[in-house]
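Participant: The sequence isn't on hand, but the structure is:
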């Protein structure tokens with residue numbers, strides 16, 4: 001049996017895996033067992049913020065492994081404390097809670113909001129269409145993509161989905177019973193869609209009027225991905241809770257929800273907890289990763305390389321107007337929307353040893369390492385141009 005057959009016989013079939021058997025990673029490249037090198041331009045779906053085998057991350061992990069792998073959260077742990085200090089100082093938030101993943105962090109944020117709003121009679125929680133917040137029940141209840149919800153009903157009570165960027169729908173549904181609105185300021189799984197300034201302006205006015213909580217899902221867009229620490233900073237808005245994961249652990253499982261001062265006393269001992277959240281090895285990796293993002297010139301690189309990538313993709317849009325509909329995004333979170341289903345195009349890219357991700361059927365999602373260089377972008381864009389030319393030719397003759 002080959003590896004695909006073994007996998008199929010042992011695992012619940014929840015993934016359409018790429019036909020590559022990975023051996024190791026180096027910088028922005030993945031190396032297959034047969035020695036083939038692939039330029040990875042979606043980095044574990046925004047997890048590998050510094051690429052593969054980053055020396056500072058590896059060193060931090062190695063040092064912590066030699067100390068201890070795990071103790072319960074009944075103990076003070078220096079890696080947790082130091083990472084919390086780093087995140088809170090950089091973000092301007094007051095308190096946080098570490099989790100193992102993004103969906104756990106969303107669940108914790110919902111619990112924090114519910115605990116805060118219960119005495120005030122606030123109950124209604126809203127997500128937005130085309131959003132994605134995770135695969136546990138609370139997260140699915142506010143996820144606005146039917147493909148992830150189908151067959152799992154019923155969801156949590158008092159949760160509803162509003163139309164993304166629809167100011168009339170927002171104003172019609174928000175009232176004194178509103179507990180929270182959860183949103184991605186840049187939707188990732190939904191196709192790299194940006195929230196509009198008009199929507200955010202109304203959200204701010206309604207929050208001031210009705211006093212509900214805004215939860216920013218920064219799982220994919222946070223920690224420098226867009227050229228700022230958080231995507232919401234591009235919109236001159238401050239949420240009450242921010243949720244982070246993916247990049248924070250440098251490749252190890254880690255997440256967090258971070259709250260403003262007015263929420264700091266809501267949780268008391270015993271009302272929430274985790275066995276593995278804030279694992280010391282993951283936090284050590286997080287310290288190295290977040291430290292490099294904040295102080296290693298990484299975010300400036302995101303601004304520069306994001307602009308460079310955007311410009312290159314805009315050139316492709318002009319060169320292939322029959323194939324490319326739009327280029328959108330911020331920093332190194334970019335979507336190239338095609339005028340056709342992109343599944344075959346992604347296969348063409350893989351054949352050219354460039355790995356990209358497809359979301360929403362037509363949007364090629366770019367989430368490269370934040371320390372990516374121009375030569376890597378040139379390599380990827382050249383492959384895209386070649387694949388688009390081939391696609392055009394096939395469509396003309398097909």
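Facilitator: Nice, I can see it. Given the structure is predicted, the values throughout are model-derived calculations rather than measurements. Numbering: from 1, shown residues only.

Participant: avg pLDDT for stretch 134-144?
Facilitator: For stretch 134-144, the per-residue pLDDT values average out at 98.

Participant: Show me what it is in contact with.
Facilitator: The contact list for stretch 134-144 (CB atoms under 8 Å, 6 or more residues apart in numbering) reads 101-104, 106-107, 110, 125-133, 148-149, 152, 155-156, 159, 161, 164, 182, 190, 219. Every residue, glycine included, has its C-beta placed from N, CA and C.

Participant: Repeat the analysis, applying 6 Å as the threshold.
Facilitator: The set of residues external to stretch 134-144 that reach it, using CB atoms under 6 Å, 6 or more residues apart in numbering, is 102-103, 106-107, 110, 127-133, 149, 152, 155-156, 159, 161, 182.

Participant: Could you give me the buried positions within stretch 287-299?
Facilitator: For stretch 287-299, a neighbour-count test (16 or more other CB atoms under 10 Å) marks 287-294, 296, 298-299 as buried.

Participant: now swap in stretch 66-81 and tell me
Facilitator: Within stretch 66-81, the residues scored as buried using 16+ other CB under 10 Å are 73, 77, 79-80.

Participant: how far does it stretch from start to finish?
Facilitator: End-to-end span of stretch 66-81 (CA to CA, to the nearest Å): 19 Å.

Participant: try stretch 364-378
Facilitator: In terms of CA to CA, the two terminal residues of stretch 364-378 are separated by 16 Å.

Participant: how far is that stretch from where the chain is centred?
Facilitator: Relative to its chain's centre, stretch 364-378 lies at 16 Å (CA atoms, centre = their mean, to the nearest Å).

Participant: now stretch 199-217
Facilitator: Taking CA atoms, centre = their mean, one finds the center of stretch 199-217 at 22 Å from the center of the full chain.

Participant: farthest pair in the buried residues of stretch 66-81?
Facilitator: When these are compared pair by pair using CB to CB, the two farthest from each other are 73 and 79, 12.4 Å apart.

Participant: which other residues reach stretch 348-363?
Facilitator: Applying CB under 6 Å, 6+ apart, the external contacts of stretch 348-363 come out as 38-42, 189, 191, 335, 337-338, 341-342, 346, 364-365, 380, 383, 387.

Participant: in that stretch, what's buried?
Facilitator: Of the residues in stretch 348-363, those buried under the neighbour-count criterion (16+ other CB under 10 Å) are 348-350, 352-360, 362-363.

Participant: now the end-to-end length of that stretch.
Facilitator: Using CA to CA, the gap from the first to the last residue of stretch 348-363 comes to 15 Å.

Participant: Show me how far it is from its chain's centre.
Facilitator: If you compare the mean C-alpha spot of stretch 348-363 with that of the full chain, they lie 18 Å apart, counting by CA atoms, centre = their mean.

Participant: cool, and stretch 33-53?
Facilitator: Per CA atoms, centre = their mean, the displacement of stretch 33-53 from the mean C-alpha position of its chain is 16 Å.

Participant: start to end distance for it?
Facilitator: Stretch 33-53 has an end-to-end distance of 17 Å (criterion: CA to CA).

Participant: try stretch 160-179
Facilitator: First-to-last residue span, stretch 160-179, CA to CA: 12 Å.

Participant: Identify the residues contacting that stretch?
Facilitator: Outside of stretch 160-179, the residues within contact range by CB under 6 Å, 6+ apart are 113, 117, 122-130, 144, 196, 198-199, 202, 206, 210, 212.

Participant: Can I have the buried ones of those as a PyMOL selection?
Facilitator: Selecting the buried subset of the contacts of stretch 160-179 in PyMOL, with 16+ other CB under 10 Å as the burial test, is done by:
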select buried, resi 113+117+122+124+125+126+127+128+129+130+144+199+202+206+212
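
Participant: so of the contacts of stretch 160-179, which ones are in strands?
Facilitator: 124-129, 144 (DSSP state E).

Participant: now, among these, which is nearest to residue 370?
Facilitator: Checking the ones in strands among the contacts of stretch 160-179 against residue 370 by CB to CB gives residue 128 as the nearest, at 26.3 Å.

Participant: Tell me which residues touch the closest one, please.
Facilitator: 144, 162, 164, 183.

Participant: can we see that at 10 Å?
Facilitator: 142-144, 161-166, 169-170, 181-184, 187, 190, 193, 195, 199, 217 (CB atoms under 10 Å, 6 or more residues apart in numbering).

Participant: burial count for residue 273?
Facilitator: Burial measure for residue 273: 13 neighbouring residues, criterion other CB atoms under 10 Å.

Participant: Quick check: nearest residue in space to it, chain neighbours excluded?
Facilitator: In this structure, residue 273 finds its nearest non-sequential neighbour in residue 73, 6.8 Å apart by CB to CB, 6 or more residues apart in numbering.

Participant: For the stretch 51-200 of the chain, which segments are assigned as strands?
Facilitator: Using DSSP state E, counting those that start in this stretch, the strands found in the stretch 51-200 of the chain span residues 95-99, 124-129, 143-144, 159-162, 178-183, 186-187, 193-194.

Participant: Sheet-wise, list the partners of the fifth one with their directions.
Facilitator: This means strand 178-183. Looking at strand 178-183 with DSSP bridges, its paired strands and their directions are strand 124-129 (parallel), strand 213-217 (parallel).
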